[in-house]
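> A structural model of the following input is requested.
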Amino acid sequence: MKKNLPWLILTTILFFRLQAGAQDPHFSQFFASPLSLNPAFTGLFSGDLRFSANYRTQWSSIATPFVTGTVAADAGILKQVVPYNDIWGAGLMVLYDQTGGGGLRSSYIGLSTAYHKGLNADGSQSLALGFQIALEQKRLDFSKLLFENQLTNQGFDPSMPNGEYIANSSVSYADYNVGLLYNASVGQYGNYYVGGSYYHITEPNESFLGEKHPLRGRFTFHGGGGFAPTPLTRVYLSGLFMRQAGATEADLGGAFGFVINNQPMDANLFYVGSWFRWGDAVNPYVGVEINNLHLGISYDINVSTLRAASNYRGGLELSLIYIYEKPGEHSQGINCPKF
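Numbers count the residues shown, from 1 in each chain. Presented below is the predicted three-dimensional model:
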């Protein structure tokens, strides 16, 4: 029976994910996934085009891991139309989430826009309002799920009838999100920002059973900032508080950066730090910034009550951000937050 324990745990997790209030996938490196954190981040960067990608695999120590990934791109638009100290951004994000074993798959594609209004002449402060409209689909694959009726004296037998009936194996719906963001720069390297977002404004129905089962709204309050203690070092701090369907999440942490080749104005840095998700995990982080390419890797050390089953092993996470700048051109006058 012990060899079947991971599958029993996985089936329990699936049950609560489907029947209880569903919750969105999340990233430990939330600061490196701007469009899934707040649509008001759309277009807020120093450059012409930003590509970002995130990958997370979790609970491989218990059973087949849960996998979440995003790919996104955003840019400033109508630069010759809006005032110099303003930014109008537009972006596209695709998200994929697979519950352990592939029994439940979710895909999400969202279009976002945000307008960043410069609050002073030099563009060192801005206030942004962002919107996102998305189409999401969730699909069940019964061939990847195991049920009590399939448990025999010899173990699980997937060829046996599962005894379950679900009218629809997939559901699709439109989704709407909004966010607000304040951003300010202090000196050459200093910056801070604070914002809030609300996802699933209309609380769309995501039931597979034809019943009323709304996707509850997700409220997130977040902030962060950075400064340079010396010409060769950087410090970045960030945190968030998130609430959805009665569940809460609180993250706080930071990273210390070293200029790699001892050139004070150089853009090549190495980071080491950690974030802490209250009551759940410690997330050590290592990152590198090479010109306009930013790479990060973190690992969740599980410290919740599940640690007896997980053996403290949570999830591996990777992030990538690349900012493209046209040769010979300069970005608009608003100094933007680091990620």
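> Report the rounded mean pLDDT for stretch 119-139.
For stretch 119-139, mean pLDDT is 91.
> Sorry, slip of the keys, the one I care about is stretch 264-280.
87.
> just stretch 52-61 next, same as before
Average pLDDT, stretch 52-61: 82.
> CA atoms of it as CSV?
The C-alpha coordinates for stretch 52-61 follow below in CSV (Å, rounded to 0.1, in the frame of the first residue of the first chain):
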residue,chain,number,x,y,z
SER,A,52,9.7,37.2,-20.5
ALA,A,53,9.3,33.5,-19.7
ASN,A,54,8.8,31.5,-16.5
TYR,A,55,8.9,27.8,-15.8
ARG,A,56,8.0,26.0,-12.5
THR,A,57,7.9,22.3,-11.6
GLN,A,58,6.5,21.4,-8.2
TRP,A,59,6.0,18.3,-6.0
SER,A,60,8.2,15.9,-7.9
SER,A,61,9.1,14.4,-4.6
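> So what touches it?
25, 27-29, 32-36, 65-73, 100, 300, 309-311, 313-322 (Cβ atoms under 8 Å, 6 or more residues apart in numbering). For every residue, glycine as well, the C-beta is placed using N, CA and C.
> now the strands: where do they sit in the stretch 101-250 of the chain?
104-118, 125-140, 151-152, 155-156, 170-186, 190-199, 218-227, 233-244, 247-259 (DSSP state E, counting those that start in this stretch).
> and the gap between the residue lying farthest from the centre of the chain and G69?
Distance from the C-alpha centroid of the chain peaks at N153, with 42.2 Å (Cα atoms, centre = their mean). N153 is 39 Å from G69, where distance means Cβ to Cβ, to the nearest Å.
> And the helices in this structure, which stretches?
5-19, 34-37, 307-310 (DSSP state H).
> mean pLDDT for these: which is lowest?
When these are ranked by mean pLDDT, helix 5-19 comes last with a mean of 42.
> so who does the closest residue to G273 other than its chain neighbours touch?
Nearest non-adjacent residue to G273, counting by Cβ to Cβ, 6 or more residues apart in numbering: A255, 2.9 Å away. By Cβ under 8 Å, 6+ apart, the contact set of A255 is V235, Y236, Y271, V272, G273, S274, Y285, G287.
> Is it possible to mark the buried ones in these?
Neighbour-count burial (16 or more other Cβ atoms under 10 Å) applied to the contacts of A255 gives V235, Y236, Y271, G273, Y285, G287.
> For the residues you listed, could you give me TSV that also reports distance to G210?
Shown next, in TSV, are these (distance: Cβ to Cβ, whole Å):
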residue	distance to G210
V235	52
Y236	47
Y271	49
G273	47
Y285	44
G287	46
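> Looking at the residues you listed, which is nearest E136?
Closest approach to E136 among the buried ones among the contacts of A255 (Cβ to Cβ): Y285, at 29.0 Å.
> Show me the beta-bridge partners of the closest residue to the closest one other than its chain neighbours.
Spatial nearest neighbour of Y285, chain neighbours left out: S298 (4.4 Å); criterion: Cβ to Cβ, 6+ apart. Beta-bridge partners recorded for S298 (DSSP bridges): Y285, E317.
> Need the pLDDT of S298.
95.
> and what of H294?
For H294, the pLDDT comes out at 95.
> What are the neighbouring residues in contact with it?
Contact analysis of H294 by Cβ under 8 Å, 6+ apart lists A32, G287, V288, S319, L320, I321, Y322, F339.
> Redo the residues you listed as a markdown table? Include distance to E249 and pLDDT.
Formatted as a markdown table, the contacts of H294 follow (distance: Cβ to Cβ, whole Å; pLDDT from 0 to 100):
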| residue | distance to E249 | pLDDT |
| --- | --- | --- |
| A32 | 17 | 94 |
| G287 | 22 | 96 |
| V288 | 27 | 95 |
| S319 | 18 | 96 |
| L320 | 23 | 97 |
| I321 | 22 | 96 |
| Y322 | 28 | 96 |
| F339 | 19 | 53 |
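> re the thing from before, pick the one among the buried ones among the contacts of A255 closest to K138.
Here the nearest of the buried ones among the contacts of A255 to K138, counting by Cβ to Cβ, is Y285; it sits at 30.5 Å.
> From L269, how far off is that closest one?
Counting by Cβ to Cβ - Y285 and L269 are separated by 13 Å.
> for G91, same thing?
25 Å.
> got it, and A114?
Distance of A114 to L269, computed by Cβ to Cβ: 27 Å.
> higher neighbour count, these two?
Higher neighbour count among A114 and L269: A114, with 28 against 21, using other Cβ atoms under 10 Å.
> show me the contacts for the more buried one.
Going by Cβ under 8 Å, 6+ apart, A114 touches 39-44, 87-89, 128-131, 179, 181.
> of those, closest to D122?
Using Cβ to Cβ, I87 is the member of the contacts of A114 that lies nearest D122, at 14.4 Å.
> I'd like to know how many residues surround that closest one.
29.
> cool, T230 as well?
Number of residues near T230 (other Cβ under 10 Å) recorded here: 9.
> N283 too?
22.
> now do S112
27.
> Test my guess that it contacts A75.
No: if you go by Cβ atoms under 8 Å, S112 and A75 don't touch, sitting 11.5 Å apart.
> intersection of neighbour lists for these two?
Residues touching both S112 and A75 by Cβ under 8 Å, 6+ apart: G89, A90, G91.
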